[in-house]
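Participant: With the sequence up front, the predicted model follows.
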Amino acid sequence: MKRSIGTIFEDKSAALLICASIFISVLCPVAGSSEMDDSNEKVTHCGGHDGGFNRQTTINNNRKSEIRDYCLANDALGAYDNTVSRANHLKNMVKIQSGKFAIGTNDPIFVADGEGPKQQIYLDSFYMDEMEVSNSDFARFIAATGYRTEAEKFGDSFVFESLLGGNVKTSIPLVAAQAPWWVQIKNASWYRPEGLDSDITHRMNHPVVHVSWNDAVAYCEWLGKRLPTEAEWEVACRGGLSDRLYPWGNKFVPNGRYRANTWQGDFPTNNTKEDGYESTSPVTEFPRNKYGLRNMIGNVWEWTFDWWTVDVGNRGGPTNPVGPPDGTNKVKKGGSYLCHKSYCFRYRCAARSQNTPDTTAGNLGFRCALSGTR
Ligand SMILES: *[C@@H]1O[C@H](CO)[C@@H](O)[C@H](O)[C@H]1NC(C)=O
Ligand SMILES: *[C@@H]1O[C@H](CO)[C@@H](O)[C@H](O)[C@H]1NC(C)=O
Ligand SMILES: [Ca+2]
Ligand SMILES: [Ca+2]
């Protein structure tokens, strides 16, 4: 496998520690989850899903029992109810009714990305997670399955340099001359986002990062869900508005109030954090769009189902498009906390970028979707 280091940048073209995390997420079900729980009317078809465990064969059973032993010893899994947890995940979704939608734009900022032209499409109804998948959500998945992420298997992942502690910084090779702020950090993974001396204890309600496309698919399948297609993602992002840059309109900071976590200041040296965050923010932060979705742009990039192509004619047609039949990279959408207007103005609904499915980085996460009729 060859990871696409080259495209993780906001690019110029424009099991003890694990268990500690799980332990925390289980015992203290996350700031923000009370808010997540108030949405129970929105999903009407919650019962009867059965197909959540397709990836069972990928699970490392030894590790699974290790985690269980440890957690049981610490009475963590005692408080953990897998059924309830999965039902809650299904509740935290909104339904987007079938219909005709426009995606893409006739005013592309990055023409080479295939942002345009605008296309008319039809989508069947689907459900979309209201929020990015959080560390707490992901910890439950690991606790229940023992799944081992690709970053853990590779033994490293990509981290934005200024988020690293001083000791780590001095001993690491830069990833690429044209984007020296990305560094490949040994042992960086979802529960140690900046490497061995980091943890997620104080960010259980932040989006999970350092998860590959394959990891994202495994998580969604565990819940009987799937990744959204690019078209679904973009329709969800637009929140029922047409021809707008952002999920709420065209003005990035309406009434002086930030609605997304991106980069303010000078990239990559001076993050002035006017939106309140240097790195990730809680998945519950920032207002919802009209569909009830948060952080469709900013915070973390989100994997979609589709293979990447810039050719609009090869994205699966006008009805429930699922992208080209094959490819090398998967489409990611929405931009991240590292996106600055001068450098990566990709925190727009029409914007798109790509990575190979095994790529992981500290600004790349996901949310899940579900077909409306199954
Ligand atoms: C760090 O990753 C290496 C593989 O690159 C692995 O051999 C080692 O056990 C890991 N260390 C810890 C503490 O997880
Ligand atoms: C960062 O930018 C702000 C706003 O332009 C400025 O006031 C501040 O001095 C800068 N900080 C550094 C370290 O350059
Ligand atoms: Ca920010
Ligand atoms: Ca996002």
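Facilitator: Nice, thanks for sending it over. Ligands and ions are numbered 1, 2, ... in the order given.

Participant: T105: what's its closest spatial neighbour, skipping adjacent residues?
Facilitator: Counting by Cβ to Cβ, 6 or more residues apart in numbering, T105 lies nearest to A350, which is 4.1 Å off, once chain neighbours are set aside. C-beta coordinates here come from the backbone N, C-alpha and C atoms, glycine included.

Participant: Please verify my assumption that the one you found contacts P108.
Facilitator: Yes: if you go by Cβ atoms under 8 Å, A350 and P108 touch, sitting 7.2 Å apart.

Participant: Which one's more surrounded, those two?
Facilitator: Of the pair A350 and P108, A350 is the one with more neighbours under other Cβ atoms under 10 Å, namely 26 against 17.

Participant: OK, contacts around the more buried one?
Facilitator: I103, G104, T105, P108, E115, G116, E234, L245 (Cβ atoms under 8 Å, 6 or more residues apart in numbering).

Participant: Dump those to CSV, plus distance to C220.
Facilitator: Converted to CSV, the contacts of A350 look like this (distance: Cβ to Cβ, whole Å):
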residue, distance to C220
I103, 21
G104, 25
T105, 28
P108, 30
E115, 26
G116, 29
E234, 18
L245, 28
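
Participant: Quick check: the nearest residue to F126 once chain neighbours are set aside vs W233, distance?
Facilitator: Among residues not flanking F126 along the chain, G372 sits closest, at 5.0 Å (Cβ to Cβ, 6+ apart). Counting by Cβ to Cβ, to the nearest Å, the gap from G372 to W233 is 15 Å.

Participant: Phi, psi for S134 please.
Facilitator: Main-chain torsions, S134, degrees, to the nearest 10: phi -90, psi 170.

Participant: Up against ligand 4, what does this structure have?
Facilitator: Contacts of the chain with ligand 4, taken as Cβ under 5 Å from the ion, map to N295, N299, G334.

Participant: repeat that for 8 Å
Facilitator: By Cβ under 8 Å from the ion, the part of the chain that sits against ligand 4 consists of 132, 207, 260, 295-302, 333-336, 365, 367.

Participant: If you go by neighbour count, which of those residues are buried?
Facilitator: Buried by 16 or more other Cβ atoms under 10 Å: 132, 207, 260, 295-302, 333-336, 365, 367, out of these.

Participant: Which residue ranges of the stretch 151-300 of the chain form strands?
Facilitator: Ranges of strands in the stretch 151-300 of the chain, per DSSP state E, counting those that start in this stretch, are 156-160, 182-186, 265-266, 270-271.

Participant: Pick out the shakiest of these, pLDDT-wise.
Facilitator: Note on the strands of the stretch 151-300 of the chain: lowest mean pLDDT is at strand 182-186, with a mean of 89.

Participant: for that strand, packing partners?
Facilitator: Contacts defined by 3 or more Cβ pairs under 8 Å, 6 or more residues apart in numbering; DSSP states H and E place strand 182-186 against strand 156-160.
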